[in-house]
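*Asks:* Quick one: sequence plus predicted model below, questions after.
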Amino acid sequence: MKRYLPIFFVLSSSFNLYSQSIMEDSLNIQNKDSITDEVFQIVENPAEPPGGYQSFYEFVAKRLRYPSEARKLSVQGKVYIQFIVDTDGSLTEVQAVKGIGAGCDEEAIRVIDLAPNWSPASQRGEFVRQRIILPITFKLGNRTYKDSDRLMTSPEFPGGNVAFEKYKKDNLRQIDTTLPPNKYNNIIHLTFTVDSVGSISNVKALNSLGPKYDIEAIRLYSEMPKWKPATFNEKIISADMKGKVNFGKISVAKLNTAYNYFTKGVQLYNKNKKEKAILQFSKAIDINPTMLDYYFNRAFVYLELGLTQLACNDLKEIKDRDAQSLLLFEDNCQ
C-alpha cells in the first residue's frame, strides 16, 4: 500500500463540491502564525473558483484542446490535476498526479495554468493554502447537442412536464436519514442524455448529498421511460439535458449527533485507539450516511489495521464523488 498523508489531511474537498470541515483539534494547529505556511486539504472554508465549480469547468471546456496524438491513438479518460490555491487565490504547483498520456496530461496542466485566481481557503479566520485535486476529462465521440443549443424541438417526457414531475414524486425512494444543510437546499442536480430513440443514458450527478442520495437520484433518472427525442433541422438527434431531484427537509439534531460521533472518532484516532475510532465513525455513518468524510476516514483506518476488504467497501461507496478516494481505491482495491 502506498504511503499517504495523515488521516485528517487526506480527503480532497474539491471533487465533491461540498467540502466538509473537520474539528479544529484534528488539524493539529499549534498557532495562527503557522497556519499560512501549511498546505491543507480539509479546511473550514474551502477555496472556490470564481462563479463556482460549474463555471470553472465551463472555462476548462472552452479552452481544452484534444491533443492530436491522443486523438490519433483514441486515448481518452480522466487526468487528475493537483494544484495549490495560495493565500492570494493564485494557482501554483500545478501537476498531473494521475494521467493518461499522449499529450493529455500536459494539455490539462496548460488549461489549469490559464485559470483566474480563486477565492482562497480560510481556517480560523486566516487565509490558508489549500491543495486541490480535480479530474479533467478527455472524451472522444460523436457530436451530442446540448439543451442550450438551438434545437427545433427539445426532448420531451411522455405526457409532458406535469407527467414528468408526477413520475419523480411517485418513484422517488425516500431515505430515512438526515441531510446536511447546503446551498442546493437538498437538491441533487443531474445531467443525462436522451438518445435518438429516446432512451436515457449518461446520468450523472453534478453535486452530492452523500452516496445513498446520489445513487437514488441517478437510479430515478436512469429508470425513466423513453422520451420523445429531440430534432435538429428535422433530423432526430441525441441531446444532453439537465434535471434535479429534491430530497426535502433536514434534521439538524441528527446531523449534530452524527458529527459528535465523528469528532469523537477523530480524538480516539489521535490517541491511537483505532478500533474504537472505527466504532465512532460507524455510528456517524449509521445516522448520517451523506458525509464523504465519514466513509473516507473509516476506510483509511481500516487500511491501517489491514482490513482491506472493509476499506474497499467504504471507498467503493464514495470513489465516484471524490478524487482522493478514487486514487486510494485504485491503489488498494483492484
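*Replies:* Alright, I've got the coordinates. Residues are numbered from 1 along each chain as shown.
*Asks:* Mind giving me the packing neighbours of whichever strand or helix holds residue 81?
*Replies:* Assigned by DSSP states H and E, residue 81 belongs to strand 77-85. Applying 3 or more CB pairs under 8 Å, 6 or more residues apart in numbering; DSSP states H and E, we find strand 77-85 packed against strand 91-98, helix 104-114, strand 126-138. Every residue, glycine included, has its C-beta placed from N, CA and C.
*Asks:* Report the contact partners of the residue nearest to residue 137 when sequence neighbours are not counted.
*Replies:* Computed as CB to CB, 6 or more residues apart in numbering, the closest residue to residue 137 that is not its neighbour in sequence is residue 78, at 5.2 Å. Going by CB atoms under 8 Å, 6 or more residues apart in numbering, residue 78 touches 98, 100, 135, 136, 137, 138.
*Asks:* For those, give me TSV that also has neighbour count, distance to residue 88 and pLDDT.
*Replies:* Shown next, in TSV, are these (neighbours: other CB atoms under 10 Å; distance: CB to CB, whole Å; pLDDT from 0 to 100):
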residue	neighbour count	distance to residue 88	pLDDT
98	17	28	88
100	18	32	89
135	16	25	87
136	23	24	87
137	14	29	86
138	21	30	87
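*Asks:* Pull up the per-residue confidence for residue 268.
*Replies:* Turning to residue 268, the model gives it a pLDDT of 90.
*Asks:* same question, residue 94
*Replies:* 90.
*Asks:* One more: residue 308?
*Replies:* 91.
*Asks:* how close does it get to residue 243?
*Replies:* To residue 243, residue 308 is 37 Å away according to CB to CB, to the nearest Å.
*Asks:* Also residue 135?
*Replies:* Counting by CB to CB - residue 135 and residue 243 are separated by 22 Å.
*Asks:* Okay, now the sheet partners of the helix or strand encompassing residue 191, with direction.
*Replies:* In this structure, residue 191 sits in strand 187-194 according to DSSP H and E. Partners of strand 187-194 in the sheet, by DSSP bridges, are strand 200-205 (antiparallel), strand 239-246 (antiparallel).
*Asks:* out of those strands, deepest packed?
*Replies:* strand 239-246 (a mean of 17; mean count of other CB atoms under 10 Å).
*Asks:* Please could you give me each C-alpha atom of the next helix-or-strand element following it, formatted as CSV?
*Replies:* Sequence-wise, the next helix or strand downstream of strand 239-246 (DSSP H and E) is helix 252-270. Taking Å, rounded to 0.1, in the frame of the first residue of the first chain, the C-alpha atoms of helix 252-270 are listed here in CSV:
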residue,chain,number,x,y,z
VAL,A,252,-30.3,19.3,12.5
ALA,A,253,-30.4,17.3,15.7
LYS,A,254,-29.5,14.1,13.9
LEU,A,255,-26.8,15.9,11.9
ASN,A,256,-25.2,17.2,15.1
THR,A,257,-25.3,13.8,16.8
ALA,A,258,-23.6,12.2,13.8
TYR,A,259,-20.9,14.9,13.8
ASN,A,260,-20.3,14.4,17.5
TYR,A,261,-19.7,10.7,16.9
PHE,A,262,-17.3,11.6,14.1
THR,A,263,-15.3,14.1,16.1
LYS,A,264,-15.0,11.6,19.0
GLY,A,265,-13.6,9.2,16.4
VAL,A,266,-11.1,11.8,15.5
GLN,A,267,-10.0,12.2,19.1
LEU,A,268,-9.7,8.4,19.5
TYR,A,269,-7.6,8.0,16.4
ASN,A,270,-5.2,10.7,17.5
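*Asks:* residues in contact with the helix or strand just after helix 252-270?
*Replies:* As assigned by DSSP H and E, the chain's next helix or strand after helix 252-270 is helix 274-287. Helix 274-287 has contacts (CB under 8 Å, 6+ apart) with 177-178, 254, 257-259, 261-262, 264-266, 268-269, 291, 294-295, 297-298, 301-302, 304-305.
*Asks:* Relative to residue 241, how far out is the spatially most distant residue from the centre of the chain?
*Replies:* Centroid-distance maximum for the chain: residue 234 at 37.7 Å, with CA atoms, centre = their mean. From residue 234 across to residue 241, the span is 20 Å (CB to CB).
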